[in-house]
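Asker: When you get a sec, could you give me coordinates for this:
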Amino acid sequence: MYVFIAACAVFGIVLSQFFKFYVLIPAGVFVTVVALSGQIHEGHSLSGALLGIFVASASLQIGYLAGTISPSFSSILQRFVGMVTRGASATSHWPGHRRARQSFWARRGGISSEVATTKPVKKAGGMSS
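Answerer: Coordinates of the predicted model:
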C-alpha cells in the first residue's frame, strides 16, 4: 500500500506538469478503482477499503499540488528527457538554459546583464576645471 501511495504522489506530480486541474477528476476515478480492487483482493473490510481510497486520493492531490508549486521540476524533467533521448540539441529545449547564463544579480533585477558586462567608460579630455 505504501508503494501505491508513493506512486499516486508521483502520478500527481507528472499530471501537474502537463495538464490542468480538471485532470484530477478522471485520475481520481482511476485511483479509486485501482485502490478499491487492491483492497478487495487483499481481503480488507469496507472501512479499510474506504480508508485506502481516501489516502490514495489525498496522495494524488498532494502530489499534484507539489508539482504545481515546484516550477523547477518541469525543467529538470525536460532536461532528463533530453538526456535519455541523447539528442544533439537536448539542452536547447531546456527553457532554463538562457537564464542560467545570466549573472546572479541580473536574475534578481539588481544589475542588468548589459551593465554587468560593460567595461567602464573613460572620460573624454584629461583636464579638470
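
Asker: Poorly predicted segments of the chain, please.
Answerer: Screening the chain residue by residue with the criterion pLDDT under 70, one finds the ranges 71-74, 82-129.

Asker: Please enumerate the helices of it.
Answerer: 2-18, 24-42, 46-69, 72-85, 97-101, 104-107, 113-117 (DSSP state H).

Asker: can I get the ones you listed in TSV with mean neighbour count?
Answerer: C-beta: built from backbone N, CA, C; applies to glycine. Conversion of the helices of the chain to TSV gives the following (neighbours: other CB atoms under 10 Å):
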stretch	mean neighbour count
helix 2-18	17
helix 24-42	15
helix 46-69	17
helix 72-85	13
helix 97-101	10
helix 104-107	12
helix 113-117	11
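
Asker: gap between the closest residue to Gly67 other than its chain neighbours and Ser37?
Answerer: Excluding its sequence neighbours, the residue lying closest to Gly67 (CB to CB, 6 or more residues apart in numbering) is Ser16, at 3.2 Å. Relative to Ser37, Ser16 is positioned 25 Å away (CB to CB, to the nearest Å).

Asker: again with Val10
Answerer: 20 Å.

Asker: same check, this time on Phe18
Answerer: In this view, Phe18 and Ser37 are 26 Å apart by CB to CB.

Asker: swap in Ser57?
Answerer: Ser57 is 15 Å from Ser37, by CB to CB.

Asker: what does Val81 give?
Answerer: The gap separating Val81 from Ser37 is 31 Å, by CB to CB.

Asker: quick one, what contacts Cys8?
Answerer: Listed by CB atoms under 8 Å, 6 or more residues apart in numbering, the contact partners of Cys8 are Val31, Ala56, Ser57, Ser59, Leu60, Gly63.

Asker: what do you get if the cut-off is 7 Å, keeping everything else the same?
Answerer: Contacts of Cys8 were listed using CB atoms under 7 Å, 6 or more residues apart in numbering, and they are Val31, Ala56, Ser59, Leu60, Gly63.
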